[in-house]
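>>> heads up, no residue letters with this:
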């Protein structure tokens, strides 16, 4: 996992029921934060930026992962598009350029 960047593109995992997808995403990050090897970074884009807001229980887990030294980044364009800049409770504002730098260096694992 340490050689991967997680590209989070949604606040609900999978294409089924939204409520189930939200639970699955929370479970994923609950288990991830308990692992010894953490990803190199987590980059949130599109609806993934909602996972960094008070609306999502995932934000607590992402903050704990960030506290362990993993950069948790939010696409600035996406944050502004959804107008959630003031609602972010975890993560840092970043750019697609920074994601491209991470993607050139690490394997990308997309959660959709």
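Sure, I can see it. Because the structure is a prediction, the values reported are computed rather than measured.

>>> what about the longest helix in the protein?
helix 18-33 (DSSP state H).

>>> so what strands line up beside whichever helix or strand comes after that one?
Following helix 18-33 in sequence order, the next helix or strand is strand 41-44 (DSSP states H and E). Its sheet considered, strand 41-44 pairs with strand 4-8 (parallel), strand 72-75 (parallel) by DSSP bridges.

>>> list the buried residues for stretch 101-112?
102, 106, 111 (16 or more other Cβ atoms under 10 Å). Using the backbone N, CA and C atoms, a C-beta is placed for each residue, glycine as well.

>>> what helices or strands is the longest helix of the chain leaning on?
Helix 18-33 sits against helix 58-67, with contacts defined as 3 or more Cβ pairs under 8 Å, 6 or more residues apart in numbering; DSSP states H and E.

>>> and with 10 Å instead?
In this structure, helix 18-33 packs against strand 4-8, helix 58-67, strand 107-111, with contacts taken as 3 or more Cβ pairs under 10 Å, 6 or more residues apart in numbering; DSSP states H and E.
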